[in-house]
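*Asks:* 3D, please:
(one chain, ligands or ions: 2)
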Amino acid sequence: MSDIVLITGATSGFGRAAARRFAEAGWSLILTGRRAERLADLEKELSDKVPVHTAVLDVRDAEAIKDVVAALPEGFRAVKALINNAGLALAPEPAQKADLDDWHTMIDTNITGLVNVTHSLLPTLIETGAGASIVNLGSVAGQWPYPGSHVYGASKAFVQQFSYNLRCDLQGTGVRVTDIAPGMAETEFTLVRTGGDQAASDKLYGDTTPLEAEDIAELICYTVSLPAHVNVNRLEVMPTRQAWSAFAVDRD
Ligand SMILES: NC(=O)C1=CN([C@@H]2O[C@H](COP(=O)(O)OP(=O)(O)OC[C@H]3O[C@@H](n4cnc5c(N)ncnc54)[C@H](OP(=O)(O)O)[C@@H]3O)[C@@H](O)[C@H]2O)C=CC1
Ligand SMILES: O=CCS(=O)(=O)O
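*Replies:* Ligands and ions are numbered 1, 2, ... in the order given. A predicted model of the protein is given here:
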């Protein structure tokens, strides 16, 4: 029987690329996200290669997650890898101009959603034991501050620390935990962050060479495919053409 991976946010970007990469590697796929049509398209694309189960799921809904896990068909129950990828940034403006609802949406998705899914899958992953993995999508924004990152960066700092703390508690169970922290990667991320501003997205990723979704998918698949005794704690990854910036100084 093939290994089973559950991916949140499989309808776009890293999640969709990861679905394709895991399919290439022969894993059975549980693909989730809010957009049913995209899940159906992905199932159609991949189901002649590997077994695919899809579930429309908003990670903010803890009860819905329990239902999805309880309703997993035979053959998809012994999940070996959980990829906590669903997430978003909103409100690119400075904190003092940001909408409170946008802050709540980021907290509810990036923190509460990730915690909801993890809590529901922990018993299964522990039962799977040696070689099981949780990969959490953090961000360079969880460690490095920049203007307009406010709640988004803070939510990813939570992801990093939660990953480390989980590792401590899961020691002895065989379940591995990894925080993958990408820098600039071209996906629908900026389109979502800017409320659908394609020009802003094109400008951000233009005239440089951002990471591609496939780069991160490769790292996710690599991380969970390492021998069971190897735990990658954190992977921070940037495009070669991106680096840190100097401190900002307010001058007269
Ligand atoms: N692109 C980048 O530069 C970076 C991104 N990241 C992180 O990587 C992860 C993936 O982002 P990326 O692929 O770039 O962005 P995309 O916008 O392309 O994909 C985001 C995915 O998250 C899903 N999602 C969002 N909200 C919810 C929700 N409430 N419930 C379920 N699924 C949800 C979306 O699916 P749907 O709308 O169908 O629900 C979509 O599949 C995010 O956590 C992001 O913060 C980290 C570092 C860099
Ligand atoms: O998490 C995404 C990368 S960035 O936009 O914060 O640099």
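
*Asks:* quick one: contacts of stretch 214-231?
*Replies:* 5, 14, 17-18, 20-22, 25, 80-81, 83, 85, 130-131, 133, 135, 137, 167, 174, 176-178, 180, 182, 185, 232, 235, 237 (C-beta atoms under 8 Å, 6 or more residues apart in numbering). All C-beta atoms are positioned from the backbone trio N, CA, C, and that covers glycine.

*Asks:* is it true that Val52 touches Glu43?
*Replies:* Yes - when contacts are counted by C-beta atoms under 8 Å, Val52 is listed as touching Glu43 (4.8 Å).

*Asks:* any common contacting residues for these two?
*Replies:* Listed as contacting both Val52 and Glu43 by C-beta under 8 Å, 6+ apart are Leu31.

*Asks:* which one of these two has more residues nearby?
*Replies:* Comparing Val52 with Glu43 by other C-beta atoms under 10 Å, the one with more neighbours is Val52, at 21 against 16.

*Asks:* gap between that one and Val177?
*Replies:* According to C-beta to C-beta, to the nearest Å, Val52 stands 25 Å off from Val177.

*Asks:* check Asn231 too.
*Replies:* 7 Å.

*Asks:* ok, back up a step: just the buried ones from the contacts of stretch 214-231?
*Replies:* 5, 14, 17-18, 20-22, 80-81, 83, 85, 131, 133, 135, 137, 167, 174, 176-178, 180, 182, 185, 232, 235 (16 or more other C-beta atoms under 10 Å).

*Asks:* narrow those residues to those in helices?
*Replies:* 14, 17-18, 20-22, 167 (DSSP state H).

*Asks:* which one of these is nearest Lys156?
*Replies:* Minimum distance to Lys156 across those is 13.6 Å, recorded for Phe14 (C-beta to C-beta).

*Asks:* now the residue lying closest to that closest one once chain neighbours are set aside: which helix or strand?
*Replies:* Nearest non-adjacent residue to Phe14, counting by C-beta to C-beta, 6 or more residues apart in numbering: Ile216, 4.6 Å away. Counting by DSSP states H and E, the element that carries Ile216 is helix 213-225.

*Asks:* avg pLDDT for that helix?
*Replies:* When pLDDT is averaged over helix 213-225, the result is 99.

*Asks:* and that helix, how far from the chain's centre?
*Replies:* Centroid separation for helix 213-225 versus its chain: 11 Å, with C-alpha atoms, centre = their mean, to the nearest Å.

*Asks:* identify each buried residue in it, please.
*Replies:* In helix 213-225, counting by 16+ other C-beta under 10 Å, buried: 213, 216-217, 219-221, 223-224.

*Asks:* identify the farthest-apart pair in the ones in helices among the buried ones among the contacts of stretch 214-231.
*Replies:* Applying C-beta to C-beta across those, the maximum distance is between Arg20 and Arg167, 28.0 Å.

*Asks:* that older thread, can you narrow the ones in helices among the buried ones among the contacts of stretch 214-231 to ones near ligand 2?
*Replies:* Filtering those for proximity to ligand 2 by C-beta under 6 Å from any ligand atom leaves nothing.
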